[in-house]
Every structure is written in C-alpha cells, then in structure tokens.
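Participant: Output the structure for:
(3 chains)
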Amino acid sequence: MTNPTENWSKLSPRQAIELQTQMASQVIQQDDLPEVRTVAGVDVGFENRDTARAAIVVLRLEDLEPLDYAIARLPVAMPYIPGLLSFRECPVILEALDKLRMQPDLLLCDGQGIAHPRRLGVASHTGILTGLPTIGVGKSRLTGQHGPVPDKKGAWVPLTDKDEVIGAVLRTRVGVKPLYISPGHRVSLPTAIHYVMACVTRYRLPETTRWADGVASARGQRWLERLRDLTGPA
DNA sequence: GCGACAG
DNA sequence: ATCTTGTCGC
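Facilitator: Below you'll find the predicted structure:
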C-alpha cells in the first residue's frame, strides 16, 4: 500500500519515460555513503514469461564472504523495453531487499546507473527508491561511446555522452569483454570503480554479481546450498 | 527514415 | 533475460 512501484504496470512507455526524467533529478552523483563494510549484489532472473525472481547476496567487503541473502518472486508487470528496464525489475528487487535481515552499505546492480539516456538506469532507480548507495554494473552498453580499453586488469576508459562522462568501461580481467560501470546513487564514478574492483577476484564479474547471478538463475540450487551453509537458512 | 537498444 | 554441449584456447 506504500509500495511506489505498485501502479507501474499501468504506465505507458511515454509516462514511464516522463517519470524517469523527473526522478533523475534526485540522483546524487557525489559520494555520500557510510564506511563500507558490506556490499551486496542483486540480479533478476525469469522463471518463465511472467515470473521474475530477484536474488540479493550480502558480502563482507573485507573477505567477500557471504553474510546474508534473500530471494523474492513476483509476477512480471512490464515487458522488456530498452531504457525502461527498471520498471520491470525494481518491484521484485525491492521485495527481496525487504526480506534481508541485514541492509548492505552498498548495492551493486546488474545494468546501468546513470549511463542511461535519461540518467536513470536500474541502479540509479533502485538507489532513489531505497536511499541506498548503488552502482551500475553492466555487461554490455546501453548508451554512450568510448575508445579501446587497454587489455590490463583494472584499466578503464571513460564512457561519454556528448561532453558528459557517464561511466567507465572497465577491464576486470585480461582477455575478456570489459564491464560498463556507472554511478547509481550517492556514489561518484571513481568510488564506483574502486568498489567494483574491490569485489573482483579472478573472474570477469565481481563476486557480488556472481553470487546473485548464480542464485537468481535457473541453476541456482547449487549456489543456495553453499549460501545456507555460510549464512544459515532464511 | 534508418539503426541502436541494459536485462 | 532465455533456449543449450561441447569445445577452442590461455
């Protein structure tokens, strides 16, 4: 009854776009976050055409060990339209966040933050809705342009739109496609890059995303067993 | 009008 | 996102 997303399914694409433009003005692109002790990753998977499943896993930043997790399922209310992803995924993401026993200091989302046509990708939108500091971690580009990224771990080049820097294209591992990092909410670009790299070990994706991906995906049972083991049930 | 287009 | 096994390469 107080869920800000409950009427989204009635929005036309044009109304959704208008709402994005409006909400984008609330995004804070500067650092405004507490001392980060825990980082969470969130991902949304689809069990079928009309059921979304969100998985969130909270890790201790220090050693990247899982501390808590939550899973939520919800009927899909909107189709996938490039640029309007958050209207499809935010409802179930909020549901999963509610179930967590421990709120994270920072949240890494699949997809873009401000690297979006109206500067309100799913990470920024989630940040505005929850107040949490967020970072967008995209596996591919939505908008913006960039030059070649040096093939060295940690190397990055700016992602720009006109004269504005909207993110970074970051090489998290040699020999693989780079990631598209952008501030979601209450985090600057340098800080976003910093924390993403702090969560990267030997894989392309940060551990936060790897855990969330594993659990949200169809073959998530395997990951769940490990989680229950490390964090306890629920 | 013609492409591009997160998950 | 999802449908899906093996396979090429560092």
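Participant: A:Y180 bridge partners, please.
Facilitator: For A:Y180, the beta-bridge partners are A:G138, A:V169 (DSSP bridges).
Participant: Can you get me a residue count around it?
Facilitator: Residues lying near A:Y180 (other CB atoms under 10 Å) number 26. C-betas here are computed from N, CA, C, even on glycine.
Participant: residues contacting A:R204?
Facilitator: If you count contacts by CB atoms under 8 Å, 6 or more residues apart in numbering, A:R204 has them with A:T172, A:R173, A:V176, A:K177, A:L179.
Participant: Go through those residues and flag which are in strands.
Facilitator: Counting by DSSP state E, these place A:L179 in strands.
Participant: Closest one to A:G138 out of the contacts of A:R204, please.
Facilitator: Among those, A:L179 lies closest to A:G138 (CB to CB), at 6.7 Å.
Participant: Make sure that closest one is actually in contact with A:T172.
Facilitator: Yes: contact criterion CB atoms under 8 Å: A:L179 and A:T172 qualify, at 5.5 Å.
Participant: what's the overlap in contacts for the two?
Facilitator: Shared contacts of A:L179 and A:T172, counting by CB under 8 Å, 6+ apart, come down to A:V196, A:R204, A:L205.
Participant: Let me know the closest of those residues to A:P158.
Facilitator: Looking across the shared contacts of A:L179 and A:T172 and measuring by CB to CB, the closest to A:P158 is A:V196, at 15.0 Å.
Participant: what kind of secondary structure is the closest one in?
Facilitator: Secondary structure assignment for A:V196 (DSSP: H, G, I helix; E, B strand; the rest coil): helix.
Participant: Report how many residues lie close to it.
Facilitator: Neighbourhood size, A:V196 [other CB under 10 Å]: 24.
Participant: re earlier: take the contacts of A:R204 and write them to TSV, including pLDDT and distance to DNA strand C.
Facilitator: Formatted as TSV, these follow (pLDDT from 0 to 100; distance: CB to the nearest atom of the strand, whole Å):
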residue	pLDDT	distance to DNA strand C
A:T172	96	16
A:R173	95	11
A:V176	94	10
A:K177	95	13
A:L179	97	12
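Participant: For the spatially most central residue of chain A, name its beta-bridge partners.
Facilitator: Centroid check for chain A by CA atoms, centre = their mean gives A:C109 as the closest residue, at 0.6 Å. Beta-bridge partners recorded for A:C109 (DSSP bridges): A:V42, A:G136.
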